[in-house]
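>>> kindly generate the corresponding structure for this input.
(3 chains)
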Amino acid sequence: MSKTHVTTSINGEPQEFLCEPGDTLLDVLRNDLNLTGTKEGCGSGDCGACSVTLNGRLVCSCLVLGVEVEGAEVGTIEGVSTGDGLHVIQEKFLEHAALQCGICTPGLIVSTKALLEENPSPTEEEARYYLAGNLCRCTGYDKIIKAVMDSAETLRGGA
Amino acid sequence: MSEAQEFKYIGQRTIRPDGFDKVTGRAAYGADLTLPGMIWGKTLRSPHAHAKILSIDTSRAEAHPEVLAVATFKDFVTLQSESIAAGEGSADVLDLARNCLADDKVLYHGHAIAAIAARTERAAKDALALIDVKYELLPPVMDVEDAMKEDAPVLHEDMFTAGYDEKPSKASNIATRVEMKMGDVEAGFAEADVIVEREFRTPTAHQGYIEPHACTVTYDEDGQSMIWCCTQGHFDVRTSTAKVLGMELSKLKVIASEIGGGFGGKTVIYQEPVALVLSKKSGRPVKMVMDRDEVFIATGPTSAAKLKAKVGVKKDGTITAMQGWMAYEAGAFKGSPMMPGVMTMFTPYDCPNVLVEGFDVVVNKSKVAAYRAPGAPQAEYAAEMVINELAEKLGMDPIDLRLKNAAKEGTQTIYGPKLKKVGLVECLEAAKNSPHYQSALPKGQGRGLAAGFWFNVGGQSSVTINMNPDGTGTIVEGSPDIGGSRASMQMMAAEVLQIEPRHLRPIIADTENLPYSQGTGGSRTTFATGMAVIEASEKVVAQVKERAAAVWNVTADQVEYADGVARNTAGEDSMTLAEVCKGAEKTGGQISGSANINARGAGPSFAVHICDVAVDQETGKVDVTRYTAIQDAGKAIHPGYVEGQLQGGAVQGIGWALNEEYVFNKDGVMENPGFLDYRIPLASDLPMIETIIVEVPNAFHPYGVRGVGESGIIPPLGAVGYAVGNAIGRKVEELPCSPPRVLALIQNG
Amino acid sequence: MAIVIFSSELQKLTGEERTRAKAEVFKDIVAEIANQYSALEHDELMKMAVAIDGEIIHTPFLEKVAPDSEVHFLYRISGG
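Predicted coordinates:
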């Protein structure tokens, strides 16, 4: 079976790759493009560790095929900070100790960014439900939610 | 010691030094290493829960052009049964090898039988179908009670129950029986005014780390090998793997990657020796990453258990007798944490008459592995539920009942020594005064409370602190950082060296860079590795004084060191740490301090949790509406990460109590090996987890540290279980309190 | 002479709750009591942890034991 040539854009940069029809976007990111920041926790869309944005929409990259991103914009954890420092969300996660092992952190940060772009003033409940697709086994979510709410306030121009 | 110490750096909420890599995706975990020429390994797993392997024919696989190597049990060295130091205390090396690749029997659905390496992961997986295995099916034993019956099918023909005066004549599934006692429980029960006796069941539950087991390995022409893997203890990976493959330790380097959760489950080897065999045979680096379902079906969950607890009290609340019985499922091979269960069950109570009997039982499930205070949650759940019921019967506040009988310094434990200074009373008082406990329970909700005890361990840790000519330094330690411990190591060194923590870079060395360090687990890291960091730092300070003294022509005891500056007490001179380090080349070479210790005096950590729940009477769904976790940390080096441990442990316990369980069909096949149906708590399930850190310093640690990682998972089972029963007016006896069970309790009384 | 106290499990093998040991180093105490009680296996005792005056020590091989110290043999707890 011959591979498909895909042209896409990842974190604003043009990218090309070859992949099998059955390869997921997650496989391509990690194995072909060396973007290992996106993690595989389950491969079936249940844990959110592989969260990326596809044309601005939050998706599980393990549920997207590599061939589907032809001509699309993909956003991964590697594109969250802009090169001259951390994004507010990343800073807040560190400040609030919102990570312990850190494996869910890339997915959570991508999801949080998507949340706050959609809803800059979420309530705690809205934040918890939006992020329900990102599993964390270490923190119990308490400090994560605090980091998210603090990020929201800071991004709105608050403290 | 540390009663009222003023700290310059300890106790602050610093930014963890590894944090930047973690929030940007740069941190490299178990599956993140790729090497030139690397190929992929995948494992053939048993579709049957119990069967004899009649034959394994790998010829079709080996002939296939895409297959680069095949591994089976024959590729391991011939082993005798032998206890070796493995992550979890000790393990039988023959059982360990047989669990990595099956020998003559498959003992659980998912049991590894063979492995294949190919150029892509998909090609390796597809090629597994080329291996032909012939089985003779045997009836599976899936439940601890069934396994203990006289006529149960036997997993191991050579298993004769240890712990009876006479060795039994018939093989059974009971590996060990243990009985611990003190005083006279019969006399104690005779004195009691009220006795409660209950039976309980807890399910098979998994540690649930989000990162699957993964490794990348190399094996060169000279037998020199490297394993990169996510593990809690890379030195123990080296020990176990070398044993299984008959390798010298100097031939095997193990690098601990960043680890995406362990909780005890990553203290055991699974794929590592198999990957090395594939690498040796193919001459290529090999990567093996488990799929999520493999993690559930083939890596240690924790023991399901059947438990009985019986406690007698006088009318005034004095406990007169405590009796327990437990049977723990070890999975396919012996070695459940039944013993710690026996030892911890009633330890929060000062009672002279205690008797506990325990059984370690094999069943056709994956071999269990350690899970956060292994053995204690199940046993203490049973005890705490009965204590709560007694409080209710006596009309006594459950905290007061516990205070009246609380274990404290000098309390005799069932396992031998008396307790040293501990903080249970302080935790109970903090619970009583907490905003949560002081608040009225909202109408219709239920409230539960429970205590928990875990020993915590010390053990071997090795640290070297290398000072650079500019006065900054590297802390080289050997404890994989699962939860942020590098921040605490930085602070403890900073406290001794009296310089800002950010000038000290902690790194986790591999097995070739440091002497043996025991794995990260047992709540030992901040305590034991911390102690080694402090000792190594003190040696640096001693050298600094010597060098300064040499420059000033005085003796070292005429030099004092404070606030990062060495001062000549016999004169006017002073030098900063950086200045001494800059001149080190001339005064004897670069300054470096090492400590290689076997830390003792680990202080136990008591915990008390309070839980409120609301139960939907139509669906049986339970919502945790409020939760408070209180625990004795001795001294919280980094309060943020201590709180994190309390919250993380609490939520794992909540999951265990409410939703988590393995569901098996009648053939012993797990039906829910994924996060959709093995339901761990989500962000939307929970409220904020309030925490209260109690500090009763541990006299054996320079800063008073007690390990905190584990105790927090113990109280939730009793606190949640009792709260649910309280909400619906029923007795909860089986966990998890999933909606169908709660509904059945509501409807059937 | 150190006081060695046997757990209820070990009492099944020794027949008594406690004894005294002359030796001053843990490894020698093990040798002494393995000698004294035929049912106690030297190698099994060496694998255990010990509590000396309440302090739990995991690798006690060369541990010094003072006269009148209380010695308890313990299952070696690990953790998760």
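>>> going forward, measure contacts and count neighbours with C-alpha atoms only.
Will do.
>>> ok, which stretches of chain A are strands?
Along chain A, the stretches classed as strands by DSSP state E are A:4-10, A:13-19, A:51-54, A:57-60, A:73-75.
>>> please apply the same query to chain C.
For chain C, strands defined by DSSP E occupy the ranges C:2-5, C:18-21, C:49-52, C:55-57, C:70-74.
>>> quick one: which of those strands has the weakest pLDDT on average?
Summarising mean pLDDT across the strands of chain C, the least confident stretch is strand C:55-57, with a mean of 86.
>>> that strand: partners in the sheet, and parallel or antiparallel?
Looking at strand C:55-57 with DSSP bridges, its partner strands are strand C:49-52 (antiparallel).
>>> got the CA positions of the partner strand in CSV?
Coordinates of each C-alpha in strand C:49-52 appear next as CSV, following Å, rounded to 0.1, in the frame of the first residue of the first chain:
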residue,chain,number,x,y,z
ALA,C,49,13.1,-5.6,58.5
VAL,C,50,13.5,-4.8,62.1
ALA,C,51,12.3,-2.3,64.6
ILE,C,52,14.9,-1.4,67.3
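>>> which residues touch the closest residue to chain C within chain A?
Of all residues in chain A, A:Cys138 sits closest to chain C, with a separation of 13.6 Å (Cα to the nearest Cα). By Cα atoms under 8 Å, 6 or more residues apart in numbering or on different chains, the contact list for A:Cys138 reads A:99-101, B:261, B:483, B:644-645, B:648-649.
>>> hmm, back to that, okay, the strands of chain A, which one's buried deepest?
Burial of the strands of chain A is given as mean neighbour count (mean count of other Cα atoms under 10 Å in any protein chain shown); strand A:51-54 ranks first at a mean of 24.
>>> is that one anywhere near chain B?
No - applying Cα under 8 Å from any Cα of the partner chain, one finds strand A:51-54 out of contact with chain B, separated by at least 12.1 Å.
>>> and that strand, what does it pack onto?
strand A:57-60, strand A:73-75, helix A:105-118 (3 or more Cα pairs under 8 Å, 6 or more residues apart in numbering or on different chains; DSSP states H and E).
>>> ok, back up a step: can I get the strands of chain A in a markdown table including mean pLDDT?
Rendered in a markdown table, the data for the strands of chain A read as follows (pLDDT from 0 to 100):
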| stretch | mean pLDDT |
| --- | --- |
| strand A:4-10 | 98 |
| strand A:13-19 | 97 |
| strand A:51-54 | 98 |
| strand A:57-60 | 98 |
| strand A:73-75 | 98 |
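>>> can you give me the domain assignment for chain A?
A:4-79, A:88-155 (automatic domain parsing).
>>> just give me how far the shortest one sits from the chain centre.
Centre-to-centre, domain A:88-155 and its host chain are 11 Å apart (Cα atoms, centre = their mean, to the nearest Å).
>>> can you check stretch B:532-540 too?
27 Å.
>>> all helices of the stretch 451-600 of chain B, in order?
Assigned helices in the stretch 451-600 of chain B, in chain order: B:485-497, B:530-552, B:577-582, B:584-587 (criterion: DSSP state H, counting those that start in this stretch).
>>> and the third one, what does it pack onto?
If I follow you right, that is helix B:577-582. Taking 3+ Cα pairs under 8 Å, 6+ apart as contact, the helices and strands that helix B:577-582 lies on are helix B:530-552.
>>> beta partners of B:Lys287?
When bridges are assigned using DSSP bridges, the partners listed for B:Lys287 are B:Trp40, B:Thr216.
>>> out of the helices of the stretch 451-600 of chain B, deepest packed?
Burial of the helices of the stretch 451-600 of chain B is given as mean neighbour count (mean count of other Cα under 10 Å); helix B:485-497 ranks first at a mean of 26.
>>> before we move on, back to that, could you report the separation of the residue of chain A closest to chain C from C:Glu16?
As defined by Cα to Cα, to the nearest Å, A:Cys138 lies at a distance of 47 Å from C:Glu16.
>>> check A:Lys143 too.
If you go by Cα to Cα, the gap between A:Lys143 and C:Glu16 works out to 54 Å.
>>> compare the two (neighbour count), which wins?
Neighbour tally, A:Lys143 and C:Glu16, criterion other Cα atoms under 10 Å in any protein chain shown: the higher count belongs to A:Lys143, 23 against 14.
>>> OK, contacts around the more buried one?
So A:Lys143 contacts A:96-98, B:644 (Cα under 8 Å, 6+ apart).
>>> please parse chain B into its domains.
Taking automatic domain parsing as the criterion, chain B consists of the domains B:19-26+B:458-599, B:139-413.
>>> rewinding a little: pipe the strands of chain A into TSV and attach distance to B:Ala566 per row.
Conversion of the strands of chain A to TSV gives the following (distance: least, Cα to Cα, whole Å):
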stretch	distance to B:Ala566
strand A:4-10	53
strand A:13-19	53
strand A:51-54	52
strand A:57-60	56
strand A:73-75	52
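>>> so which of those strands is nearest B:Leu419?
strand A:51-54 (48.3 Å; Cα to Cα).
>>> note down every partner strand of the closest one and its orientation.
In the sheet, strand A:51-54 lines up with strand A:57-60 (antiparallel), strand A:73-75 (antiparallel) (DSSP bridges).
>>> out of those, flag the one nearest A:Gln15.
Per Cα to Cα, nearest to A:Gln15 of the strands paired with strand A:51-54: strand A:73-75, 10.1 Å.
>>> show me how far the closest one is from its chain's centre.
Between the mean C-alpha location of strand A:73-75 and the chain-wide mean there is a distance of 10 Å, by Cα atoms, centre = their mean.
>>> and the contacts of it?
Looking at what lies outside strand A:73-75 - Cα under 8 Å, 6+ apart - the contacts are A:8-12, A:52-56.
>>> just stretch B:187-205 next, same as before
B:301-315, B:319-321, B:353, B:378, B:382, B:386, B:389-390, B:656, B:660-662, B:733-736.
>>> now do the helices in chain C.
With DSSP state H as the criterion, chain C has helices at C:8-14, C:26-36, C:42-46.
>>> quick one: buried ones out of the contacts of stretch B:187-205?
Among the contacts of stretch B:187-205, those scoring as buried are B:301-314, B:319-321, B:353, B:378, B:382, B:386, B:389-390, B:656, B:660-662, B:733-736 (criterion: 16 or more other Cα atoms under 10 Å in any protein chain shown).
>>> list the contacts for the residue minimising distance to the centre of chain A?
Ranked by distance to the mean C-alpha position of chain A (Cα atoms, centre = their mean), the top residue is A:Val110 at 3.0 Å. Shown in contact with A:Val110 (Cα under 8 Å, 6+ apart): A:51-53, A:76-77, A:80.
>>> go again with 6 Å.
Each residue near A:Val110 by Cα atoms under 6 Å, 6 or more residues apart in numbering or on different chains is listed here: A:Ile77.
>>> shaky segments in chain C?
Along chain C, segments meeting pLDDT under 70 are nowhere present.
>>> need the residues of chain A near chain B, please.
Applying Cα under 6 Å from any Cα of the partner chain, we find that chain A lies next to chain B at A:37, A:41-42, A:46, A:90, A:100-103, A:106, A:128-129, A:132, A:138-142.
>>> PyMOL command for the buried members of those?
To isolate the buried subset of the residues of chain A next to chain B in PyMOL, counting by 16+ other Cα under 10 Å, use the following:
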select buried, chain A and resi 37+41+42+46+90+100+101+102+103+106+128+132+138+139+140+141+142
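>>> and B:Asp184, how many neighbours?
Taking other Cα under 10 Å as the definition, B:Asp184 ends up with a neighbour count of 15.
>>> sounds good, over and out.
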